[in-house]
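1. Okay, sequence plus prediction incoming.
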Amino acid sequence: MKPPAPDLSRRGLLAGAASAVAAVGFSRAAQAQAAAAPARPALPAYVAWKNPDHMIVHTGTTIETRRSAFGTSVITPAERLYIRNNLPAPDVSIVADRDAWAVAVEGVRQPRVLTVAQLKTLGLETVAAVLQCSGNGRGYFADKPSGTKWQVGAAGCVIWSGVPVRNVIAALGGVADGARFMTGTGGEALPAGLDPKSVVVERSVPLRAFEDALLAWEMNGEPLPHAHGGPLRLIVPGYSGINNIKYVKRLAFTAAETDAAIQKTGYRLTPSGVKGDPSFPAVWEMGVKSWINGPAPEAGPVKAGMVQVHGVAMGGTRDLRRIDVSIDGGQTWQEARFVGPDLGRFAWRQFVLPVRLPPGQHLLASRAQDSRFEWQVEESPANGGGFLNSGWRSHAIPLTVT
Ligand SMILES: Nc1nc2c(c(=O)[nH]1)N[C@H]1C(S)=C(S)[C@@H](COP(=O)(O)O)O[C@H]1N2
Ligand SMILES: [Mo]
């Protein structure tokens, strides 16, 4: 790959990385097909096993789930789960011998390199958690921040299984003195000719997050797919997508946040148009959020009469308390009902409200409330990166009833 040498801005670097991904990720046939039908680009080869009917392909590295594909039974199957890669993924040969994958654990009393086989002896836990890109909903910010215009589908509710990070820490003598952050590093080979810090996917989260974190090798009952970070992924429940490091090769307990660009300047909540720096809040925990999945606008008009309005609601890091639905754009609200199993505070819950809809135009909205009585916000603050949009107003969907 030819590095985009003169452009040292984060956007320039990412564009360079993205074109590299496109170059390696698309077969020629897929590229030709994508060119022939620009309205519906084909899935790139590395995720050809996903169901194209259920996905919106923004680019070869940004692929979201269609609203109509979330279903109503809580878990998002792998073949429908969104994809987001900041760098070309490591070669798929890394999942040939999954147990041989190794992660270097640093910032503990007895630092060690542990293979997946060794990790499997240290404990086992399963957690249901929402994986949601920090930019999910970016397409609904009124100021049109740059970046993928995700709608609602850069998210899914997934069951992860692996070893609790706290077990790994305990086995290695505890966290070293002075550690304040947990830092995970992705296993991608870095493009030559660039400062590694400018491209590496390396993220720090507050140390306390290790209490809920897993090193996961299984997703929804299957070995973790390579495209979703197999053989091994750091899962930090409640924290947005970027903090969940795929093909994790290093887990470090550090005194400071990493100075990788993706942490230092990227994924910061800045005023629109302002470049990030460590004085701005990092994109970490997700907030209370919900949206309506059905009737999906893409499915076209519905017939007047009884309609089961349904969707998903998440508490971020907290349990949910209540979910309301509006059919008049938020002027009036009715309490809806959660359906299906409650898989804990990191999962999402499906909800439904049966309503009788007369012919006409309706604007459907939902707003969730968490266990601390905090309502989903009406409008999320605009920010430079278009991150963490959970505003119910911008997520409202129009429905034509005939
Ligand atoms: N190693 C690595 N981890 C990563 C990324 C990446 O590019 N490399 N992308 C992050 C981002 S921005 C998101 S939203 C999620 C996407 O996970 P998925 O592709 O499994 O849906 O992974 C995160 N972890
Ligand atoms: Mo993301």
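-> Cool, the structure landed. A quick note: this is a predicted structure, and the numbers were derived from the prediction, not measured. Ligands and ions are numbered 1, 2, ... in the order given.

2. Let me see the backbone angles for the residue of the stretch 251-400 of the chain found nearest ligand 1.
-> Nearest residue of the stretch 251-400 of the chain to ligand 1, counting by C-beta to the nearest ligand atom: Tyr267, 8.1 Å away. To be clear about C-beta, it is placed using only N, CA and C from the backbone, and glycine gets the same treatment. For Tyr267, the backbone dihedrals (degrees, to the nearest 10) come out as phi 50, psi 50.

3. Please list all residues in contact with it.
-> Residues in contact with Tyr267 (C-beta atoms under 8 Å, 6 or more residues apart in numbering) are Ser134, Arg203, Ile242, Gly276, Ala282, Val283, Gly385, Phe387.

4. Output the set of residues of the chain in proximity to ligand 1.
-> 81-87, 131, 133, 186, 188, 201, 228-229, 241-242, 244-247 (C-beta under 6 Å from any ligand atom).

5. if we go to 5 Å?
-> 82-86, 133, 186, 201, 228, 241-242, 245-246 (C-beta under 5 Å from any ligand atom).

6. and those residues, which of them are in strands?
-> Among the residues of the chain next to ligand 1, DSSP state E puts Ile83, Arg84, Gly186 in strands.

7. Give me the nearest residue to the second one, chain neighbours excluded.
-> In other words, Arg84. Computed as C-beta to C-beta, 6 or more residues apart in numbering, the closest residue to Arg84 that is not its neighbour in sequence is Cys133, at 5.3 Å.

8. again with the first one
-> Spatial nearest neighbour of Ile83, excluding adjacent residues (C-beta to C-beta, 6+ apart): Ile63 at 4.3 Å.

9. do the same with the last one
-> Using C-beta to C-beta, 6+ apart and skipping the chain neighbours, the partner closest in space to Gly186 is Val201 (3.6 Å).

10. give the contact list for that neighbour.
-> Contacts for Val201 (C-beta under 8 Å, 6+ apart) come out as Asn86, Leu87, Thr185, Gly186, Glu188, Ile242, Ile245, Lys246, Ala260, Ile262.

11. how about the last one, phi and psi?
-> What that stands for is Ile262. According to degrees, to the nearest 10, Ile262 has phi -70, psi -20.

12. Next: Val165.
-> Per-residue torsions, Val165: phi -60, psi -30 (degrees, to the nearest 10).

13. quick one: the closest residue to it other than its chain neighbours from ligand 2, how far?
-> Leaving aside its sequence neighbours, Val165 sits nearest to Ala213 (C-beta to C-beta, 6+ apart; 4.1 Å). Distance, Ala213 to ligand 2, using C-beta to the ion, to the nearest Å: 18 Å.

14. Could you report the pLDDT at Ala213?
-> For Ala213, the pLDDT comes out at 99.

15. tell me the contacts of whichever residue of the stretch 51-200 of the chain sits closest to ligand 1?
-> Nearest to ligand 1 in the stretch 51-200 of the chain, going by C-beta to the nearest ligand atom, is Gly186, at a distance of 2.4 Å. When contacts are counted by C-beta under 8 Å, 6+ apart, Gly186 touches Leu87, Val200, Val201, Glu202, Ile245, Lys246, Tyr247, Val248, Lys249.

16. hmm, which two among the residues you listed are most spread apart?
-> Leu87 and Val248 (13.7 Å; C-beta to C-beta).

17. Going by how many neighbours each has, rank those two and give me the top one.
-> The residue with more neighbours, out of Leu87 and Val248, is Val248; 24 against 21, by other C-beta atoms under 10 Å.

18. tell me the contacts of the more buried one?
-> Applying C-beta under 8 Å, 6+ apart, we find Val248 in contact with Val103, Gly184, Thr185, Gly186, Gly187, Leu215, Gly229, Leu232, Arg233, Leu234.

19. Now do the strands in the stretch 201-350 of the chain.
-> With strands called from DSSP state E, counting those that start in this stretch, the stretch 201-350 of the chain shows them at 202-206, 214-219, 222-223, 233-235, 248-254, 289-294, 305-314, 320-326, 334-335, 337-339, 348-357.

20. what residues does the first one touch?
-> If I follow you right, that is strand 202-206. Contacts of strand 202-206 (C-beta under 8 Å, 6+ apart): 180-186, 236, 239, 242-243, 245, 254, 256-258, 260, 262-263, 267, 282, 284.

21. that older thread, give me the neighbour count for the residue nearest to Val165.
-> Look at Ala213: counted by other C-beta under 10 Å, it has 29 neighbours.

22. And Ile94, by the same measure?
-> So Ile94, with other C-beta under 10 Å, has 18 neighbours.

23. Could you confirm it falls within a strand?
-> No - per DSSP: H, G, I helix; E, B strand; the rest coil, Ile94 lies outside any strand segment and is helix.

24. Any figure for the gap between it and Pro225?
-> To Pro225, Ile94 is 12 Å away according to C-beta to C-beta, to the nearest Å.

25. Likewise for Phe338?
-> Phe338 is 29 Å from Pro225, by C-beta to C-beta.

26. of the two, who's got more company?
-> Pro225 (19 against 16).

27. so what pLDDT did that one get?
-> We have a pLDDT of 98 for Pro225.

28. wait, Ala252 sits on Val165?
-> No - look at Ala252 against Val165 with C-beta atoms under 8 Å: they stay out of range, at 11.7 Å.

29. Give the residues shared as contacts by those two.
-> With contacts taken as C-beta under 8 Å, 6+ apart, Ala252 and Val165 have Met182 as neighbours in common.

30. and the two? which has more neighbours close in?
-> It is Val165, of Ala252 and Val165, that has more neighbours when counted by other C-beta under 10 Å, with 25 against 20.

31. give the contact list for the more buried one.
-> Val165 touches Met182, Phe210, Ala213, Leu214, Leu215, Leu234, Leu251, counting by C-beta under 8 Å, 6+ apart.

32. so where's this structure uncertain?
-> 1-40 (pLDDT under 70).

33. Give me the neighbour count for the residue of it found nearest ligand 2.
-> Minimum separation of the chain from ligand 2 (C-beta to the ion) falls at Cys133, amounting to 3.3 Å. Taking other C-beta under 10 Å as the criterion, the count of residues near Cys133 is 22.

34. Would you agree it is in contact with Gly156?
-> No - if you go by C-beta under 8 Å, Cys133 and Gly156 don't touch, sitting 10.0 Å apart.

35. Many thanks, I have nothing further to ask.
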